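Trainee: Sequence unavailable; structure follows:
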């Protein structure tokens, strides 16, 4: 399994909570309004020169790249779809709506899950039909808001398992960090060793390595709150469920044609 991309290209690094509270955002996300999705993108998609150059480099060979939007729980969110379509038109490459490729098998949207609990309710995407990546194209993933990064992580891993390389990630707004940093990884490993001294080293390391930076940040807060033996046992059960979910995911066959 390839490493997650280190960072995403984002239009704005700060999440605009005022925009998210508007009817325009709601209609784009929940009612499938293309008009409102385009209006949201117009308001926030402004790249600085260095970010634009990075994007130009990623898409300098458009015939070898496919842009795919992150599938949504309701399949009604038009913001990543419209952002992806706009980029595909600008750079003259292909675009695929992720909802056409994958079924989101998680019932609860990430925004409805408290940030510290998202790690323990992993995203899950299954194929709508069998594919094969005989054209050997890489993928640029597009989403609207990057918070903990769980949806992007799982889509990256799903595509990786099908033999597809991830070219990069683009989001309208949010913290651009995706892959967990070395310092965060080390800090969590150290804290887990103290909380769970009997946990095998490899198990602990693999669990930490599969997190995004956002998930790692929130998990650190969870560890700090875990003071009692009962709390440690409850957290250990949650960790084991995530590990088992990951094992089941890795056993599923996956191929893809782009």
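Mentor: Looks like it came in fine. Note that the structure is predicted; figures quoted are calculated from it, not measured.

Trainee: Pretty sure residue 68 sits in a helix.
Mentor: No. Per DSSP: H, G, I helix; E, B strand; the rest coil, residue 68 lies outside any helix segment and is strand.

Trainee: any idea how far residue 63 is from the residue nearest the centre of the chain?
Mentor: Closest to where the C-alpha atoms of the chain average out (C-alpha atoms, centre = their mean) is residue 152, at 1.4 Å. Shown here: residue 152 relative to residue 63, a distance of 24 Å by C-beta to C-beta, to the nearest Å. Placement of C-beta: from N, CA and C, glycine included.

Trainee: show me the contacts for residue 5.
Mentor: Residues near residue 5 by C-beta atoms under 8 Å, 6 or more residues apart in numbering: 156, 166, 168-169, 178-179.

Trainee: again, only this time at 10 Å
Mentor: Going by C-beta atoms under 10 Å, 6 or more residues apart in numbering, residue 5 touches 140-141, 149, 152-153, 156, 166-169, 176-179.

Trainee: Give me the residue ranges of the stretch 1-150 of the chain where confidence is low.
Mentor: Along the stretch 1-150 of the chain, segments meeting pLDDT under 70 span 1, 129-135.

Trainee: Please enumerate the helices of it.
Mentor: 17-20, 23-30, 34-44, 49-58, 79-91, 98-101, 150-161 (DSSP state H, counting those that start in this stretch).

Trainee: What are the contacting residues of the third one?
Mentor: Read it as helix 34-44. Here helix 34-44 makes contact (C-beta under 10 Å, 6+ apart) with 10-12, 14-16, 19-20, 22-29, 31, 33, 45, 77-83, 85-86, 144-145, 171-173.

Trainee: how far out from the middle of the chain is it?
Mentor: Its chain's C-alpha centre and that of helix 34-44 lie 21 Å apart, by C-alpha atoms, centre = their mean, to the nearest Å.

Trainee: ditto for the longest one
Mentor: Centroid separation for helix 79-91 versus its chain: 18 Å, with C-alpha atoms, centre = their mean.

Trainee: when you compare where that helix runs with where helix 150-161 runs, what's the angle?
Mentor: Interaxial angle of helix 79-91 relative to helix 150-161 (axes from the mean of the first three to the mean of the last three C-alpha atoms, to 10 degrees): 60 degrees.

Trainee: what angle do helix 79-91 and helix 34-44 make?
Mentor: Orientation check (the same axes, to 10 degrees): helix 79-91 against helix 34-44 gives 70 degrees.

Trainee: cool, the fourth one as well?
Mentor: Computed with the same axes, to 10 degrees, the direction of helix 49-58 lies at 120 degrees from that of helix 34-44.

Trainee: so how far is helix 49-58 off the chain centroid?
Mentor: How far helix 49-58 lies from its chain's middle: 21 Å, per C-alpha atoms, centre = their mean.

Trainee: and what of the last one?
Mentor: Computed by C-alpha atoms, centre = their mean, the chain-centroid distance of helix 150-161 equals 7 Å.

Trainee: Remind me what it packs against, helices and strands.
Mentor: Applying 3 or more C-beta pairs under 10 Å, 6 or more residues apart in numbering; DSSP states H and E, one finds that helix 150-161 contacts strand 65-69, helix 98-101, strand 102-104, strand 125-127, strand 138-146, strand 166-174, helix 213-225, helix 229-251.
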